[in-house]
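> return atomic coordinates for the entry below.
(chains A and B)
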Amino acid sequence: MTINQLSIFIENRSGTLIKVLEALKQSNIQIIASTIADTAEYGIYRLICSEPLRACEELKKAGIAVAVSDVFALELDNQPGRAADAIEAFSAAGISITYLYSFLLRGKGILIFRTDDNDKAARVIEENQLSSISENALAGIA
Amino acid sequence: MSRDERAALQGKRLHKIVEYVYHNVPFYRNKLQEMDIRPDDIQTIEDITKLPFTTKKDLRDNYPFGLQAAPQSEIIRVHASSGTTGNPTIVGYTRKDIGVWSECMARCLTAYGVTRDDIFSVAYGYGLFTGGLGAHYGVEHIGASVIPAGTGNTEKHLKLIRDLGITGLACTPSYALYLAETMDKLGIRKEDIKLRVGAFGAEPWTESMRKEIEERLGLKGYNIYGLSEVMGPSVSYECQMQHGSHICEDHFYPEIINPVTLEPLPAGQQGELVFTTLTKEGMPVLRYRTRDLCSLMTGTCDCGRTEVRMGRIEGRSDDMLIIRGINVFPSQVESVVLSMPEFAPRYMLVVDRVNNLDTLQVQVEIRQEYFTGVFDTPAAIDQLEKKLASKLKSVLSIAAKVQLKAPNTIERSQGKSAHVIDKRKL
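All right, here's what the predicted structure looks like:
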C-alpha cells in the first residue's frame, strides 16, 4: 500500500541540489512532489517521482547518498476538513506521523506521509476506506 | 651553580640513570646492547649523544607499563596522556618523582613571584591530565593556599576569585581569556579582583594573547611548559624577564636535534626538543623526542639564573594538535572512524577558536551503501552523528562536533596535514 519516496542527503552548500536535479533530468525522471527537511548543516531532500527505483540507481551512479523510503500517499477531496478526518483515524489508532507533506494533483489533495508503524497504518487505511493512490496513478500512467 | 658545576652533576646523574634503566627496563637494555653501549661508556653529559632516542611510538609499543623502571609497589601515582592511536600513554611516578615534580613546580612559581602569602587557584583539569595535580602540589610545596578549582563552572570560579581575593591563577591561556570574557558578562571589573600572577601553559600562545590576558585580568602572565612523558608542567618556566623559559635542567636535560637527520644542533638553532630525565625513578626516558620545535638559549639570564632557556614553541614535527590544552592526534580520530562501517575511511578535523575556546569539528562521509531508508529524517542522522561523537569523546577526552558529509566530498588526503584545517590564529 506504500509508495516509494526517494530520500537524499544533501549538504547545505550551493551546487548540491542542482547536482541531484541534473542527474534526474539526464535520466528523464519526472518529479511529482518534493520537500526538504532542513537542518543547520544538511538537508534531506524527499521526493516522489516517476520510476523511483530506476531514479535511485541513477542517483547512486552519480555518487549521491540516496535511499528509498516507504511512505503512504492518500488522495483526498479538495475540501476543508478532509486532512483532519484522515489523520484523526491514525491518531485514534495510536500511530505517529513522522513527517508529512501535501500537494494538489488534478484537483485532488494528495497527502504523503511516513508513520512509525506502516503495517498498522495500512490496516487503518483499509478499515476507514481511505483512498490511497499508487505511484503509477501519481505519475499519470495508470 | 656555575655551568661547569652543573655539567659535572648532569654527567654523574646521566651515568646513574643509564645504569638504572639498563638493569630495570628490558627495552633500554636491548637497545643499548644492540648499539654495543654499556653504562660505563656514559660518564659525562657530552656522552649523551651516544644514547638511543625514545619516541611516542616506543611508549605505545610498550603499553602500559613496559618502560616503567620502578616496581609497581614503589609507584604512588599514574597519569595518562593521549596516545597516537587507541592506547593512552601511561606514566607512573614514585614518591621521589612526585617530590622532584613538586619542587620543580615550586621553582616555577617562585620565579613568578608567588609566595606562601598567595591564594592560588589551579584551573587546569584535575585527573589523568598532569596539569591539575602537578600545579596543585607545587603550590602546596611553597605553602601558598591552593584552591583546586579545576575546569568548568566558570561563574562559581569567578565568584571565588573575587570573594576570596585569589591572587594567583594556573590555567590554559585560552581559559584565562574565557574567564575575562565571563567577567565582562557578569559585570565583574578587574578592579574587583586581586589576581596578580598567572601560570599559563599546556597549549601554544602568542605575545598578543599575553598582552590581552594581562590587560583584562590585571595580572602578569608567565609561560609554563611540560609534558607528561618527561614529568608534567614545570619542565621549564619563564622568569621576571620573560625572555625564554628556564629549563629545570638538573632534572630534565634538553637537546635540540634535526628531526630528519637526528643530528644534535648547536644552541640558537631551531630544531626538535629532546629531553632525558636525569633523576626520574618511575618511568625515566632517554632522549625523548617531544616533537616540539624550538631553539635553546645559553648564557646567563638577566635574572641571574644560569639554566638554559628554551624559546617559544614554533611548531611540531608531527601532526599533533593541542585543543583546549589536550593533545589530539588525527590518527586517533582515524582509528574511530575506521571502526564504524557507516563511514568512508576519510575524515577532516576542523579546529577553530570561538570566544576564546577551542572547538573541534570532525567531518566524515556517510558511505552510500549505508545510507538506507531509515535515514530519511534528521533525527536518524543526528543519532548516527551522536554515536560517532560519543566514541570520539571517549578516545580524545574532549568533545568533538560531528558533521556528516555527502559521499566523496572530503578530499582524499595527500599526507598527514591534509586531515586538518586549523583556523585558529596563533
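> use CA for all of it now, contacts and neighbours both
Will do.
> so which bits of stretch A:25-33 are buried?
Using 16 or more other CA atoms under 10 Å in any protein chain shown as the test for burial, stretch A:25-33 gives A:I29, A:I31, A:A33.
> could you dump it to CSV, C-alpha only?
This file holds the C-alpha atoms of stretch A:25-33, laid out as CSV (Å, rounded to 0.1, in the frame of the first residue of the first chain):
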residue,chain,number,x,y,z
LYS,A,25,17.0,15.4,-15.7
GLN,A,26,19.7,13.3,-17.5
SER,A,27,17.7,10.2,-16.6
ASN,A,28,14.4,11.6,-17.8
ILE,A,29,12.8,11.3,-14.4
GLN,A,30,9.8,13.4,-13.7
ILE,A,31,9.4,15.0,-10.2
ILE,A,32,5.9,14.9,-8.9
ALA,A,33,6.4,16.4,-5.5
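> break the chain down into its structural domains.
Reading this off chain A. Domain ranges of chain A: A:3-69, A:71-138, per automatic domain parsing.
> wait, I meant chain B there
Under the assignment automatic domain parsing, the domains of chain B span B:91-317, B:326-422.
> show me the longest strand that occurs in chain A.
Longest strand in chain A, counting residues (DSSP state E): strand A:66-77.
> circling back to that earlier point, can you say which of the domains of chain A is nearest to B:L349?
Closest to B:L349 of the domains of chain A is domain A:3-69 (CA to CA; 16.0 Å).
> now the closest one: mean pLDDT?
If you average the pLDDT over domain A:3-69, you get 95.
> ok, residue 77 - contacts?
Let's take chain A. Going by CA atoms under 8 Å, 6 or more residues apart in numbering or on different chains, A:D77 touches A:K108, A:G109.
> hmm, no, I was thinking of chain B.
B:G92, B:Y93, B:T94.
> let's go with 6 Å and repeat that
By CA atoms under 6 Å, 6 or more residues apart in numbering or on different chains, B:R77 lies in contact with B:G92, B:Y93.
> for B:L195, see how far away B:E342 is.
B:E342 sits 50 Å away from B:L195, going by CA to CA, to the nearest Å.
> so if I had to pick from the two, which one is more boxed in?
Higher neighbour count among B:E342 and B:L195: B:L195, with 24 against 18, using other CA atoms under 10 Å in any protein chain shown.
> is the more buried one in contact with B:T167, as I believe?
Yes. Between B:L195 and B:T167 there is a contact at 4.0 Å, judged by CA atoms under 6 Å.
> show the pLDDT at the residue lying closest to B:S390 once chain neighbours are set aside.
Spatial nearest neighbour of B:S390, chain neighbours left out: B:A399 (8.0 Å); criterion: CA to CA, 6 or more residues apart in numbering or on different chains. Here, the pLDDT recorded for B:A399 equals 94.
> check for me that B:A399 belongs to a helix.
No. Secondary structure of B:A399 (DSSP: H, G, I helix; E, B strand; the rest coil): coil, not part of a helix.
> could you measure from it over to chain A?
18 Å (CA to the nearest CA, to the nearest Å).
> next one: B:E411
According to CA to the nearest CA, B:E411 stands 14 Å off from chain A.
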